[in-house]
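In: Sequence first, predicted model second:
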Amino acid sequence: MAIYLDADACPVKAEAERVATRLGQPLVVVSNGGLRPSANPLVQMVYVAEGPDEADKWIAAQAGPGDVVVTGDIPLAAKCVAAGARVLKHDGEALTAANIGNVLATRDLMADLRAADPFRQGGGRAFSAADRSRFADALDRVARAAAREAR
């Protein structure tokens, strides 16, 4: 049982480490580099080769039943859900077998809409303290459930 964090452009690294530490669960932080290593013995830093989706490929190959994956990458989330892992987005939203198809379809639709409007500005609202809190609560709940399930 581990918590895998897709750490490139992840806004909740500190929250994930706090939850993993509180629960005594290993946290595997996966990135292309550029992140400071943690002194926490429960945190394992994994640096993958430069290139598109290398961190995603590594996480997808490792994650399975009893694991929790934190990512904003929907195709990676779909692979991890299919492998039996529990998946959370950075805002605490759970991605499951019941909703991943709709989330993938929405992602594709939004990509098409963005491509059709070259003048579109902005990228949505800022990540808030409430988002961080919601994520930490969701990760705590999901990690506890995964640990119970793994026993």
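Out: On my side now, so go ahead.
In: so where do the helices sit in the chain?
Out: Remark: helices assigned in the chain by DSSP state H are 13-23, 54-62, 74-82, 100-116, 129-150.
In: Relative to Leu88, which of those helices is closest?
Out: Using CB to CB as the measure, helix 129-150 is the one of the helices of the chain that comes nearest Leu88, at 5.7 Å. Just so you know, the C-beta spots here come from the backbone N, C-alpha and C atoms, and that holds for glycine as well.
In: In terms of secondary structure, what does the closest one contact?
Out: Contacting helix 129-150 under the criterion 3 or more CB pairs under 8 Å, 6 or more residues apart in numbering; DSSP states H and E are the following elements: helix 13-23, strand 68-70, strand 86-88.
In: quick one: contacts of that helix?
Out: Counting by CB atoms under 8 Å, 6 or more residues apart in numbering, helix 129-150 makes contact with 1, 3, 11-12, 15-16, 18-20, 22-23, 25, 65-68, 70, 86, 88, 90-94, all of which sit outside it.
In: hey, C-alpha coordinates of that helix in CSV?
Out: What follows is helix 129-150, C-alpha atoms only, in CSV (Å, rounded to 0.1, in the frame of the first residue of the first chain):
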residue,chain,number,x,y,z
ALA,A,129,-7.1,27.1,0.9
ALA,A,130,-10.5,25.4,0.9
ASP,A,131,-9.4,23.3,-2.1
ARG,A,132,-6.3,22.2,-0.1
SER,A,133,-8.4,21.3,2.9
ARG,A,134,-10.9,19.4,0.9
PHE,A,135,-8.0,17.4,-0.7
ALA,A,136,-6.4,16.6,2.6
ASP,A,137,-9.7,15.4,4.0
ALA,A,138,-10.4,13.3,0.9
LEU,A,139,-6.9,11.8,0.9
ASP,A,140,-7.1,10.9,4.6
ARG,A,141,-10.5,9.1,4.0
VAL,A,142,-9.4,7.3,0.8
ALA,A,143,-6.0,6.2,2.2
ARG,A,144,-7.6,4.9,5.4
ALA,A,145,-10.1,2.9,3.3
ALA,A,146,-7.4,1.5,1.1
ALA,A,147,-5.3,0.5,4.1
ARG,A,148,-8.4,-1.3,5.6
GLU,A,149,-9.0,-3.0,2.3
ALA,A,150,-5.4,-4.2,2.0
